[in-house]
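*Asks:* coordinates only, sequence not included:
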Ligand SMILES: Nc1ncnc2c1ncn2[C@@H]1O[C@H](COP(=O)(O)OP(=O)(O)O)[C@@H](O)[C@H]1O
Ligand SMILES: Nc1ccn([C@@H]2O[C@H](COP(=O)(O)O)[C@@H](O)[C@H]2O)c(=O)n1
């Protein structure tokens, strides 16, 4: 592994295609090159709260995240240390008891709705990306995904969208677009943007390897 990992932030609204973009970039490299850290896995632990109370949390507000833990983990990775990455369970709205031990890799992708909202995180990034997809597509994608994969009902997805997701997107997420170096419209199917990202990462890795010789 090279000296210090390259840190890439991938932000964007819920359902914009952040995960798809990240996966597409990872597919261009070997398994040993890119480590993905999902901000969602760093939602504050709510295991002390009854399930009904967890339903009242606004999961699109910056205060829902334990960024202190996330930042300390990134520092550990940058310093070559293994971390115990939390695992998040959307069905019960809290962290699982298990953790995943992960070692640093040459590239770290930080992916999440509010990854560009905290200046401490932004300061750690070499490249900042915002995946920009229209709200109508995002809500349709989210509806399908939350019902099929996250154990939600149609009514709950609509209520959550109107009460928390939409207002928080406008207040906290969309404004972070201004910090992005690259804005990717439409997400994971934007092959040109994925190619550009992959080429940029290859260039940085090549330069870093060269520096060490
Ligand atoms: N370009 C696309 N066209 C159709 N569906 C898509 C596209 N990109 C993503 N999706 C689907 O939309 C949902 C949300 O995409 P995802 O990449 O998980 O977004 P995010 O991580 O930003 O929430 C997923 O079910 C995914 O398969
Ligand atoms: N218990 C939770 C935690 C988060 N969410 C929603 O997830 C969205 C972020 O994930 P994406 O993959 O869509 O970026 C965020 O908008 C939260 O509303 C949730 O519903 N329940």
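*Replies:* Nice, I can see it. Quick caveat, the model's predicted, so the values are computed rather than measured. Residues are numbered from 1 along each chain as shown. Ligands and ions are numbered 1, 2, ... in the order given.
*Asks:* tell me which parts of the protein are close to ligand 1?
*Replies:* With C-beta under 6 Å from any ligand atom as the criterion, the chain comes near ligand 1 at residues 12, 14-20, 141, 145, 186-189. Any C-beta I mention is one placed from the backbone N, CA and C, and that applies to glycine too.
*Asks:* how about a cut-off of 8 Å?
*Replies:* Within the chain, the positions lying close to ligand 1 (C-beta under 8 Å from any ligand atom) are 12-23, 111, 113, 131, 133, 137-138, 141-142, 144-145, 148-149, 186-190.
*Asks:* Could I get the full set of helices for this protein?
*Replies:* 18-27, 51-54, 67-78, 119-122, 135-149, 154-160, 166-168, 191-212 (DSSP state H).
*Asks:* Quick check on the residues of the chain next to ligand 1: which are buried?
*Replies:* Listed as buried from those are 12-22, 111, 113, 131, 133, 138, 141-142, 145, 186-188, 190; burial here means 16 or more other C-beta atoms under 10 Å.
*Asks:* List the buried residues in the strand ranked longest in the chain.
*Replies:* Ranked by residue count under DSSP state E, the longest strand found in the chain is strand 94-102. Buried residues in strand 94-102, counted by 16+ other C-beta under 10 Å: 94, 95, 102.
*Asks:* Determine whether any part of stretch 158-167 lies close to ligand 2.
*Replies:* Yes: applying C-beta under 8 Å from any ligand atom, one finds stretch 158-167 in contact with ligand 2 at 160, 164, 165.
*Asks:* center of this structure - which residue?
*Replies:* residue 111 (1.8 Å; C-alpha atoms, centre = their mean).
*Asks:* Bridge partners for that one, pull those for me.
*Replies:* Judged by DSSP bridges, the bridge partners of residue 111 are residue 10, residue 38.
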